[in-house]
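# Here you go, sequence then predicted model.
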Amino acid sequence: MLRVKLQNRVEMGPFVNEAYKYLRTNIMFCGIGVKALCVTSCVPNEGKSDVSFNLAVSLAESGKKVVFIDADLRKSDIIRRYNPDLAVFGLSHYLSAQNKIEDILYETNMDNLDIVFSGPVPPNPSELLGSDSFSDLVEIFRKVYDYIIVDTPPVGSVIDSAVVAQKCDGVILVIESDAISYKLAQKVVKQIEKSGSRILGAVLNKYEHDKRLYGYKYISYGKYMD
Ligand SMILES: Nc1ncnc2c1ncn2[C@@H]1O[C@H](COP(=O)(O)OP(=O)(O)O)[C@@H](O)[C@H]1O
Ligand SMILES: [Mg+2]
């Protein structure tokens with residue numbers, strides 16, 4: 001199997017670590033039928049990539065075998081952020097039949113965590129994600145991994161996340177604290193449910209804790225709600 005070293009990962013503080021353990025535990029209690037998780041949000045920059053990657057790491061740290069798939073084929077940030085030590089092939093290469101699964105699946109320097117990068121931006125992301133190739137990939141991974149965490153674009157902009165969600169067992173909605181109106185969140189929830197997918201819960205992200213308590217500004221990764 002190909003190997004890649006991911007770099008620049010910032011260590012999470014104890015409070016953030018706890019929040020991820022809480023999220024991880026909630027997911028584990030969803031049962032063995034919940035393996036493939038689609039992470040999305042209402043609008044860009046709410047923290048989908050942060051939350052989905054850190055969730056994947058947290059599950060892997062607990063001993064689960066995890067694959068993280070970067071399915072934000074339009075605006076992926078993962079390569080820039082984690083700066084892999086070699087040039088990599090990605091999901092768009094596989095979905096456009098240029099490469100096989102073994103060319104795009106990388107073992108990382110983190111125990112139990114494998115990764116599929118997004119690859120170059122293709123002209124037809126929704127079509128590629130809706131193809132049988134993507135379903136096949138998820139089905140193959142189901143046999144190998146305990147969890148498949150899929151990072152996607154926001155629901156509000158394009159249909160990619162709805163397409164991915166249909167192939168997963170559930171959706172985690174990341175909501176940026178004080179940035180998303182109740183009305184918009186409701187609209188997005190309805191949109192996801194209309195596409196036949198199940199929302200497992202939401203992560204309230206960028207939530208500011210009481211500064212007086214800790215003496216410094218702390219931004220939490222939030223709580224997981226059922
Ligand atoms: N809990 C958080 N606290 C502070 N900054 C955050 C938090 N979550 C995400 N960010 C920052 O917000 C920006 C957008 O996050 P990102 O994960 O790329 O969002 P998305 O994938 O939803 O577009 C990034 O600069 C990221 O570092
Ligand atoms: Mg992102």
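Ah, there it is. Numbering: from 1, shown residues only. Ligands and ions are numbered 1, 2, ... in the order given.
# what about the spatially closest residue to Ser58 that is not a sequence neighbour, which helix or strand?
Nearest non-adjacent residue to Ser58, counting by Cβ to Cβ, 6 or more residues apart in numbering: Tyr20, 4.1 Å away. Heads up, the C-betas are built off the backbone N, CA and C, glycines and all. Using DSSP states H and E, the element containing Tyr20 is helix 14-28.
# which helices and strands sit right next to that helix?
helix 48-61, strand 199-205, strand 219-220, strand 224-225 (3 or more Cβ pairs under 8 Å, 6 or more residues apart in numbering; DSSP states H and E).
# anything in the second one sitting right up against ligand 1?
The reference is to strand 199-205. Yes - applying Cβ under 6 Å from any ligand atom, one finds strand 199-205 in contact with ligand 1 at Asn205.
# Could I have the CA atoms of that strand written out in PDB?
Extracted C-alpha coordinates of strand 199-205, given in PDB (Å, rounded to 0.1, in the frame of the first residue of the first chain):
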ATOM      1  CA  ILE A 199     -29.100  13.100   9.800                       C
ATOM      2  CA  LEU A 200     -27.300  11.600  12.700                       C
ATOM      3  CA  GLY A 201     -26.700  14.900  14.500                       C
ATOM      4  CA  ALA A 202     -25.000  18.300  14.300                       C
ATOM      5  CA  VAL A 203     -21.700  19.700  15.500                       C
ATOM      6  CA  LEU A 204     -21.900  23.200  16.800                       C
ATOM      7  CA  ASN A 205     -18.500  24.600  15.700                       C
END
